[in-house]
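*Asks:* Sequence plus the predicted model coming up.
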Amino acid sequence: MVGSPVLFVAIPLLAAFIIPLTGMIWKNSVRIIPGLVLAFMFALSISLMGYVSEHGTIVEVIAGWKPPIGINLVFSPFTGFLTMLMTFLGFMVWLYSYKFKRNVDFEPSMKYFILLMLLVTGSVGIVLTGDIFNMFVFIEIVSISGYGLTSFYTRRDSAEAAFKFLFMGAIASTFLLIAIMIIYSQLGTLNIADIAEKMPLMDNKLKVLSLVFFILAIGVEAEIFPLNGWAPDVYTQAPGPIGAAFAGIVVKAAIYASVRLVYTMYDFGGAFDLFIIIGLITFIVAETTALRQDRLKRMLAYSSIGQMGLVMIAFGIGTKEGVYAALFLMFNHAIIKSLLFFSGSYLVFNKKNKYIKHVNGMGKYLPITSVLFTIGSFAIIGLPPFSGFWSKLAVLTAAADSKMVILIAVILIISILEAVYYLRVVNRIYFFDKKEKTETQKPSINALIAMICLGIIVLVIGFYPDLISGYLDRAATDLMDKGNYIKEVLTINK
Amino acid sequence: MNIIILILILFFLGAIITAFSGKISALVQDILFLIVLVVPAVLFFTGVDMNTESIITFSQAQLTFGMTPLSYYFSLIVMGLAVLAGFYTVGQMNGKKRKGYYYLNYILSIGAMFGILMSKDFISFFIFWEIMTWASYLIVIYNGKNVQKIGIKYFVMSAIGAYAMLMAIVLIHSITGSFLITDLISEYTGMTQGMQLLIPALLLIGFGVKAALMPLHIWAPDAYSNAPMSYTAIFSGALSKMGIYGMVIVFLSLLSKVPEGALIRDIVAWLAAITAAISTLWAIKQDDAKRLLAYSSIGQLGYIIIGVAIGTPMSIIAGLFLAFMHGVFKSALFMVVGAVEKQTGTTDLTEVTGLIRKMPWTFLAALISIIALAGIPPLGGFVGKWMLYESLILSDHFMLVILVFFSSTAAFLYCYKILFGFFLGQEEKEWAHVKEAPAIMIVPMVILSISSIVLGTYPQLILKPINAAMMSFGLPDTYGNLWKESILFNKWGNQIALAPIMYGIMLVFVIVTIFLFFRNRSRTRYVTTKDISTSGEIIKEHENLTFSRGFFQPFLRAVEPVMKRQIDKYMLSFAKGVEDLFEFTRRIYNGNGQTYAIYAMIFLIILLMFGKNLLG
Amino acid sequence: MEGILMSILGAIATFLLAFVVGMTYGGIRRKVIARVQNRYGPPIYQNFIDAFKLFSKTTAVHHGAMHLLGPAFLMVSAVVALMIIPVLRDNIWFTNLNFKGDLIFLIYIMTFGPLGMALGAGQTGNPNSAIGVTRGLSQMVGFEIPWVMALVALMIKYNTTSVVDLMNVQNEVGQWLIFQNPFAFVAAILASLGMFRYAPFNIVGAPTELASGPASENGGKFLFTMMSAGSVFAFVKLTLLVDVFFGGASNLIELVIKTFLLYMIPVMYGVVNPRYRTEQAVTYFWGWPLLFGFLAIIYSVYF
């Protein structure tokens, strides 16, 4: 083992304290150090994944207190996969925005990078931790850095968006804490594995109550309907790359948390149906709403919410194929939606309201960005040979194997809407004439590299999905095997 | 490496290289384009046989490629047209913008069609199907006119079809555990009755969209007329045949095995007949040659679908033969329109007149192809029509015969309109400068016209592969039974010998022509088309008396009741209604934080109310 | 060798017969119309005089290749149609040349000529020609439907698509098809009204409105060819009707009587009816004729 999962939390937090100090000495360090940290985290996750695939799950105990009393970090194929994805995206966001904020002053840019780093750290923490109170702490870290990033441009609108987010986040935190209290009062433990083991002992009413509170709390971050009202505003008002970070990292962590609840902690079979229902409603409402948007980022935001609904549906199917499909969707969504946010930001750069009509004729001025946006659109619609196709196929196959015919039909019908609004944008990029005189912003070299990286991943996975299907398969097996999780966490070093 | 994979890689790499080679020089790009089309065709005809099979394994699916007799037959259409239309394209696109973009999508769609035909499993079939869809979509919007309406309409209809197909595919996989087409066929009879109907129905929706079957055809007139003509030749000639290809498989290997299949067959056949009749009427109404041919294509595809859907050996031969013929003559006609468009700048039949002496070769190609389209003996179109009528009469589909007869007679009207509009009528100064199209555009048209004549005389050239394809589906050998060399039979023992007809007609024609011109030709002199008998009135140079507006007005008045209602309009207003409905869901997000908090509380209450039932 | 020679001679004889009979009928028609309108009218052989006059004239001008070929198309279609129709039963001189006269082929080859002519007329540049052509094509769509229905009704009843087989059926049963399926006959004869293009369906030529329809701009030999092709066509249609519904004819006298009687139907109908407008002509065929066509098919299927 080359490193410990603890480093995922320790290094960025340490860096966050150091950066203001080094920034006094060398201004550029505030940009470079977060990048190095994120790159390190990504590299670490890759090497740990290699270790895990050979030796099995790593359970890291913090400060010597063994589970169920102490806090522990679990790096299993499932959590490890998500960690890898998140750190990779975090690094991409950093790469993309390295020069993006050059025209901003030193202090805001320091805040931006530190907050970004903490956002990633918090999300990774949510995924890795094996303790629900610890999870609560990480959710708070994510939320607070999210509020900060939303209001990064100190404007009226962004302040309003941040306030809405804060408002919903506060509600979420309250209920989360209540839920944790219920659990602790009943079972006397905060360790997820321990809770899972003792769950049958709990009173059924309280069990339902606590799960409902959990769903409400985590649902806010997971952007499920109707708790996602804050999301479009935040995506629109936050700096462009942060949209990608939210869509690709934060939401994934929240989805992880809710999945962990249903798959591991609780033993309700009906929870899966609840997942499907919530997912379906979220999917339908978000996609239909996206169709009627006139601003690019809002459209992408609603599309992102819709995709998360689809992920929920896939998890709700409850079979291994379903989990596989859900993970594949999460992966694809993270990559593709980031690509869309990245390239979309440039297409409407310098425009006041970021209307969709501002992309008119951009194909001529920003050819590479436009092509990448087009690839992203085609991929998210699920057209072969791009990566989105395989995940959509996986979802549908999983649903078909569980005999959910109507579900397939609904997913496919809504997918047509998705195709419509994305193609409307693509048509505008290439076949409309640019009317306004505003300057177009050529993407900086680092942003271009980040986008091209993502574009290549979309294509490569599209042509050869087996590159990640091994990871996905192991992760799915890991999540489905609840008993193994409990065993591995509780029997460590005993 | 397997040759099929090699061809596919050639297509896809070649497409990308060709697209970017425009940076070097336009000539290099053109040559590369042709190479990428010709080399795979040569490889295909020399290297691929029925035994070549290759498998690519992914964790999610196994892609199997190989050729069947049926796909060989359709590959003939695709590969042949791709090369001919490729040469034409080079001529037509000369000096146009976005050539790389166009070439890229052209080659991609050809490659995708080839991939579809070579796929032995549904996943690769679907992948190539979708590539074909988006590549053709990108060409449809190439002109940049009305992209949001025409392009989206095309894509949405395609997506409806493709997703119906995808649904069928995942259902098949859940039942058989495999994506192979042969596994579906072998396990089909063991399925539940619901699935036995649902799966073919979904597949037929998917194929019906591409084959422009009513009511899924609404994209076709716009898409066909909006794409550049060199691509529409492929679009209507080859791409639409992919739908036919799928339908043949569904009808022959699935629906013919269960008794309930007969109902679906009859429904599809009737839909196709109505499609043919209505779209023919709409074609007559059009004043734009592109749209006219687009509607005509829909009508012709209707005949093909009827033949395939009826499902007797003779009707299938008729359908498949017509599929080939339609590829030949309709592509030639779209090329003609493209040539006229390139030389005159318009395709409006009411504007262009009297090109016959300026573009004689184009006219010749148009004339022969129109005769073939109209189904007049002795050209290839008649062979297919004859078999179609005979098979419909012999299989007791009397009303269908009448409907088909009506549409093919009405087709004469638009056939005449397109010939008269472009080539005949008074010669105007406005078009005096028009020259014949370049040779690279003429040659493919002429080759296609010659094919029409040859196939009318020697239909056995393609009846052989059709027969092989049908025998691979377990149908009886039709050689000597329904056709023998150039003689066609029906089950009642009636027959028609095509080669003697051709020679006879040629002989009589030559005799009459000699009679007419004997000691006559040298004394007649050409006079302008303004020098005509108009009851003593003398037409001045600037007066154009050509009758071209409201060409078939009286006829259209007669059929007006049928044409009042348009599915297109209903569908569009439905789509608009749906979009307006979404405005309500959009209002859910009203941007007010307090409302969102209320939503959260309502959500909580609902969960608490129902949570016990749902979770407990 | 002898067979081929016989066929060629037979073909020439058939053609001459058709020409003479058709021309004479045309003359009779002119006479009949004149008498009904209380005129004296031209002599019955007037058509031959006209033809001879036209034949001996030379043509001075033309409007292009299609214009010249138009009459040729018309003639080819008439001759080919004539060649595959059995004129007399069991007669080596007037037999058909090819595969027992397939009905579907006949229907199509009979449309071939008018379409070729239409192209020729189109190239003249005369607007009246084009107007006439559009009217003619529209009318064709009208009358083809009941015509085809009548034929289909017979085909499905007797399981054949050939004229010869239909004639044999009538011989074996000893009853003409007009009695076996009267509805089919009514539909066919109503359709033939349009096919002959006499009043009230003479909208193509429309002598008083259009200079002279598609035939304008043609003269001399070309007009002669068109005229004789028209006569041959008339003979073809009449013979076909006789073959199908009246059991054919075993000798020339029988043929002439039967065809003449049939010929009088469109002529007489035309004499007493004013000309229709185009849409009236088209919709006319979609009324009663169509109904009879349906009845014919229903009768064939169920009785």
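*Replies:* Thanks, I have it.

*Asks:* what ranges do the helices span in the stretch 201-303 of chain C?
*Replies:* Secondary structure of the stretch 201-303 of chain C by DSSP state H, counting those that start in this stretch: the helices cover C:220-245, C:252-271, C:278-285, C:288-302.

*Asks:* Quick one: closest of the ones you listed to chain A.
*Replies:* Chain A sits nearest to helix C:288-302 of all these, at 41.2 Å, using Cβ to the nearest Cβ. For the C-beta atoms, the positions are set from N, CA and C on the backbone; glycine is no exception.

*Asks:* hmm, the closest one touching chain B?
*Replies:* Yes: contact between helix C:288-302 and chain B is present through C:293, C:297, C:301 (criterion: Cβ under 8 Å from any Cβ of the partner chain).

*Asks:* Give me the buried subset of the residues you listed.
*Replies:* Among the residues of helix C:288-302 next to chain B, the ones that count as buried by 16 or more other Cβ atoms under 10 Å in any protein chain shown are C:293, C:297.

*Asks:* Could you export the residues of helix C:288-302 next to chain B as JSON lines, including pLDDT?
*Replies:* Output for those, formatted as JSON lines (pLDDT from 0 to 100):
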{"residue": "C:293", "pLDDT": "89"}
{"residue": "C:297", "pLDDT": "88"}
{"residue": "C:301", "pLDDT": "83"}
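
*Asks:* Give me every residue in the stretch 451-600 of chain B lying close to chain A.
*Replies:* In this structure, the stretch 451-600 of chain B approaches chain A at residues B:579, B:581-583, B:585-586, B:588-589, B:591, B:593, B:595-597, B:599-600, judged by Cβ under 8 Å from any Cβ.

*Asks:* Select, from the residues you listed, the two members most distant in space.
*Replies:* B:579 and B:597 (29.5 Å; Cβ to Cβ).

*Asks:* which of these two has more neighbours?
*Replies:* residue B:597 (17 against 14; other Cβ atoms under 10 Å in any protein chain shown).

*Asks:* What are the contacting residues of the host helix or strand of that one?
*Replies:* In this structure, residue B:597 sits in helix B:593-615 according to DSSP states H and E. Contact with helix B:593-615 is made by A:163-164, A:167-168, A:171, A:175, A:205, A:207-209, A:211-212, A:215-216, A:219-220, A:226-227, A:229-230, A:268, A:270-271, A:273-274, as judged by Cβ atoms under 8 Å, 6 or more residues apart in numbering or on different chains.

*Asks:* Any figure for the gap between the residue lying closest to residue C:265 once chain neighbours are set aside and chain A?
*Replies:* Nearest residue to residue C:265, sequence neighbours excluded (Cβ to Cβ, 6 or more residues apart in numbering or on different chains): residue C:189, at 6.0 Å. Distance of residue C:189 to chain A, given as Cβ to the nearest Cβ, to the nearest Å: 55 Å.

*Asks:* and residue C:189, how many residues sit next to it?
*Replies:* When neighbours are counted by other Cβ under 10 Å, residue C:189 comes out with 22.

*Asks:* what residue ranges in the stretch 451-600 of chain B score low on pLDDT?
*Replies:* Where the stretch 451-600 of chain B drops to pLDDT under 70, the residues are B:519-523, B:534-536.

*Asks:* And the residue of it that's closest to chain A?
*Replies:* Closest contact between the stretch 451-600 of chain B and chain A, by Cβ to the nearest Cβ, is at residue B:596 (3.3 Å).

*Asks:* So what's the residue count around that residue?
*Replies:* Around residue B:596 there are 25 residues (other Cβ under 10 Å).

*Asks:* Give me the mean pLDDT for the helix or strand hosting the residue nearest to residue C:265.
*Replies:* Applying DSSP H and E as the criterion places residue C:189 in helix C:182-196. Average pLDDT, helix C:182-196: 87.

*Asks:* quick one: buried residues of that helix?
*Replies:* Here helix C:182-196 shows C:183-196 as buried, counting by 16+ other Cβ under 10 Å.
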